[in-house]
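Chemist: Coordinates for the following, if possible.
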Amino acid sequence: MKRLLTGALLLLSVAGVAHAASVTNAGDTAVVLTVVEGGSRVQVALDPGATETICTGGCFVTLPNGDRLPLSGGETVEISNGSAVVK
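Modeler: Next up, the predicted model:
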């Protein structure tokens, strides 16, 4: 029973990451994003070339240029010059 519960928890944790959004800073300078998810607001700093996984349950991201981007999870976002391209 303990093995079954451990396996189920592992499967759920992997499934949650699979639906998260991936954000990459393709620019030459560090950027700071404001991520609002489930009523929580956090600042995410990305150095040039860095990638971060965010938004496992949907969120809004405020970009360096002030645009607000809704994400549901699973998107790949590339930030360059303060703007985003969603793939």
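Chemist: use CA for all of it now, contacts and neighbours both
Modeler: Fine.
Chemist: Do a quick rundown of the strands in this structure.
Modeler: Counting by DSSP state E, one finds strands in the chain at the ranges 21-25, 31-37, 40-46, 51-54, 59-62, 68-71, 76-80, 83-86.
Chemist: Distance check, Ala45 against Glu52.
Modeler: 9 Å (C-alpha to C-alpha, to the nearest Å).
Chemist: for Asp28, that is, sorry about that
Modeler: Counting by C-alpha to C-alpha - Asp28 and Glu52 are separated by 16 Å.
Chemist: Compare the two (neighbour count), which wins?
Modeler: Neighbour totals were compared for Asp28 and Glu52, and Glu52 leads with 14 against 11 (other C-alpha atoms under 10 Å).
Chemist: Mind pulling up the pLDDT for the residue lying closest to the more buried one once chain neighbours are set aside?
Modeler: Residue nearest to Glu52 in three dimensions, not counting chain neighbours: Val23, with 5.3 Å by C-alpha to C-alpha, 6 or more residues apart in numbering. On the pLDDT scale, Val23 is placed at 97.
Chemist: Same question for the one 4 residues further on.
Modeler: pLDDT for Gly27: 95.
Chemist: Going forward, the N-terminal residue is numbered 28.
Modeler: Okay, residue one is now 28; in that scheme the one you just asked about reads as Gly54.
Chemist: Report the contact partners of it.
Modeler: Pro75, Gly76, Ile106, Ser107, Asn108 (C-alpha atoms under 8 Å, 6 or more residues apart in numbering).
Chemist: Would you point out which residue is most central in the chain?
Modeler: Ile81 (2.1 Å; C-alpha atoms, centre = their mean).
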